[in-house]
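>>> coords please:
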Amino acid sequence: MAQFDVYKNTSKKSKAAYPLLVDIQNSIIDNLSTRLVIPLAKRSNLRSLKANRLTPSIDYEGEIYLLFTPQMTSIQSDLLVSPIGTLEAHRDSIINAIDFAITGI
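As a prediction, the model looks like this:
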């Protein structure tokens, strides 16, 4: 598992709202049974959200998603089976959103 890998959300409860999850956990702590993830929501499914630093727009596979940083959570690592891509190119935006959520800066 690599930091910033993208996975399909397999949760029956949340996959309609958040079809994708991005793994944000650094590989230095791969030995845990859980992974920190942030869900991605399709921008087209949302009316208006003005928290650009907290929920940055991310272009992935021709679709605009919002990184839903306030919904950051941990899940069992065995639920993340096969990555379908990576958001490594958006590393700075992801780190900035996490930093903003924690420090407000």
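>>> which residue ranges form the strands in this protein?
Counting by DSSP state E, one finds strands in the chain at the ranges 5-8, 20-23, 34-42, 57-60, 63-67, 73-76, 85-86.
>>> Using CSV, lay out those together with mean pLDDT.
Below are the strands of the chain laid out as CSV (pLDDT from 0 to 100):
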stretch, mean pLDDT
strand 5-8, 98
strand 20-23, 98
strand 34-42, 96
strand 57-60, 94
strand 63-67, 94
strand 73-76, 96
strand 85-86, 98
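>>> from those strands, which stretch is densest packed?
Compared across these, strand 20-23 shows the largest average neighbour count, a mean of 25 (mean count of other CB atoms under 10 Å). To be clear about C-beta, it is placed using only N, CA and C from the backbone, and glycine gets the same treatment.
>>> Just name whatever secondary elements it is in contact with.
Where contact means 3 or more CB pairs under 8 Å, 6 or more residues apart in numbering; DSSP states H and E, strand 20-23 is packed against strand 5-8, strand 34-42.
>>> Sheet-wise, list the partners of it with their directions.
Partner strands and pairing direction for strand 20-23 (DSSP bridges) are strand 5-8 (antiparallel), strand 34-42 (antiparallel).
>>> Residues touching it, excluding its own?
The contact list for strand 20-23, computed with CB atoms under 8 Å, 6 or more residues apart in numbering, reads 1-9, 35-40, 60, 65, 67, 75, 80, 83-84, 87, 94.
>>> that older thread, now the strands of the chain in JSON lines, with distance to G104?
Output for these, formatted as JSON lines (distance: least, CB to CB, whole Å):
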{"stretch": "strand 5-8", "distance to G104": "27"}
{"stretch": "strand 20-23", "distance to G104": "22"}
{"stretch": "strand 34-42", "distance to G104": "18"}
{"stretch": "strand 57-60", "distance to G104": "21"}
{"stretch": "strand 63-67", "distance to G104": "17"}
{"stretch": "strand 73-76", "distance to G104": "20"}
{"stretch": "strand 85-86", "distance to G104": "28"}
